[in-house]
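Q: Predicted model, plus sequence, below.
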Amino acid sequence: MRLVESPSHPGEVLTELYLDPLGMSAITLAGRLNVPRTRIERLVKGETALTIDTAMRLSKFFGNTAEFWVYLQRAFDLARARRTADLSDITPLEAG
């Protein structure tokens with residue numbers, strides 16, 4: 001079985017692929033997106049999940065799609081759930 005590295009939090013992607021190369025701070029980005037600075041600061045620290053509203057704002061600002069940002073969040077959430085969810089007491093439905 002091949003081990004797959006856990007997906008990055010969207011805030012990490014935002015920082016590494018966008019903010020750092022542009023030399024832009026979270027506070028500056030928040031201002032450009034017209035959102036509270038704490039929203040972007042908490043996102044880049046991985047303290048909060050990316051909202052649909054933020055995904056749409058990031059896509060408009062950076063010229064990509066909201067789906068890109070939403071996929072990053074969903075992949076991160078699913079990977080975390082796979083590590084933490086206890087499904088051992090669920091018996092799969094048998095085909096009848």
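A: Structure's in. What do you need?
Q: where's the helix or strand R82 falls within relative to the chain centroid, distance-wise?
A: Taking DSSP states H and E as the criterion, R82 maps to helix 66-84. Computed by Cα atoms, centre = their mean, to the nearest Å, the chain-centroid distance of helix 66-84 equals 6 Å.
Q: which helices and strands sit right next to it?
A: In this structure, helix 66-84 packs against helix 10-13, helix 52-62, with contacts taken as 3 or more Cβ pairs under 8 Å, 6 or more residues apart in numbering; DSSP states H and E. Where C-beta positions appear, they are placed from N, C-alpha and C, glycine not excepted.
Q: between the ones you listed, which gets nearest to D89?
A: Checking the helices and strands packed on helix 66-84 against D89 by Cβ to Cβ gives helix 10-13 as the closest, at 31.7 Å.
Q: buried sites along the helix or strand that the closest one is followed by?
A: Using DSSP H and E, the next helix or strand after helix 10-13 towards the C-terminus is helix 20-22. Using 16 or more other Cβ atoms under 10 Å as the test for burial, helix 20-22 gives no buried residues.
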